[in-house]
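In: I'll drop the sequence and a predicted model, then ask my questions.
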Amino acid sequence: MSATHSRPLPATTRGVDIRLPWWALALPTLAFVALLVLMLNPSDAHAATGDPAIAHILERARDLVTR
C-alpha cells in the first residue's frame, strides 16, 4: 500500500474576479435610505393598531417565554 502525496498548486498572481448582482448593493442602500427618511421625519411613522385578541395572544406568548 503506497501513499501518494500531491504538491499543492502554486498560488496565482491574478486577482479574483468577483461580480455582485445589481440588487446586492441596491437593496441594502434602499433600506438604509428608507430608515434614514423615517428617522428624519418620524411623524410619518404611525404605530399600527391591531386587534386586541392578537395583542392578548402575543402578550401570553411573551409571558410563556419569559417564565
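Out: Yep, it's here. Numbers count the residues shown, from 1 in each chain.
In: how many other residues sit next to residue 25?
Out: Per other Cβ atoms under 10 Å, the neighbour tally for residue 25 reads 10. Any C-beta I mention is one placed from the backbone N, CA and C, and that applies to glycine too.
In: Look up which helix or strand it falls in, please.
Out: helix 23-40 (DSSP states H and E).
In: what pLDDT, on average, does that helix get?
Out: Averaged across helix 23-40, pLDDT comes to 88.
In: Next secondary structure after it?
Out: For helix 23-40, the following helix or strand on the C-terminal side (DSSP H and E) is helix 52-66.
In: what separates the helix holding residue 25 from the chain centre, distance-wise?
Out: 12 Å (Cα atoms, centre = their mean, to the nearest Å).
In: Which secondary structure elements does it sit against?
Out: Helix 23-40 is packed against no helix or strand, with contacts defined by 3 or more Cβ pairs under 8 Å, 6 or more residues apart in numbering; DSSP states H and E.
In: Pull out the CA atoms of that helix and give them to me as PDB.
Out: Provided in PDB are the C-alpha atoms of helix 23-40 (Å, rounded to 0.1, in the frame of the first residue of the first chain):
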ATOM      1  CA  TRP A  23     -29.600  44.100  -6.300                       C
ATOM      2  CA  ALA A  24     -26.800  43.100  -3.800                       C
ATOM      3  CA  LEU A  25     -26.000  46.800  -3.500                       C
ATOM      4  CA  ALA A  26     -29.300  48.400  -4.400                       C
ATOM      5  CA  LEU A  27     -31.500  46.600  -1.700                       C
ATOM      6  CA  PRO A  28     -29.300  47.500   1.300                       C
ATOM      7  CA  THR A  29     -28.900  51.000   0.000                       C
ATOM      8  CA  LEU A  30     -32.700  51.400  -0.400                       C
ATOM      9  CA  ALA A  31     -33.300  50.000   3.100                       C
ATOM     10  CA  PHE A  32     -30.800  52.400   4.600                       C
ATOM     11  CA  VAL A  33     -32.300  55.400   2.800                       C
ATOM     12  CA  ALA A  34     -35.800  54.400   3.900                       C
ATOM     13  CA  LEU A  35     -34.700  54.100   7.600                       C
ATOM     14  CA  LEU A  36     -32.900  57.400   7.300                       C
ATOM     15  CA  VAL A  37     -36.000  59.100   5.900                       C
ATOM     16  CA  LEU A  38     -38.100  57.700   8.800                       C
ATOM     17  CA  MET A  39     -35.500  58.900  11.300                       C
ATOM     18  CA  LEU A  40     -35.500  62.400   9.800                       C
END
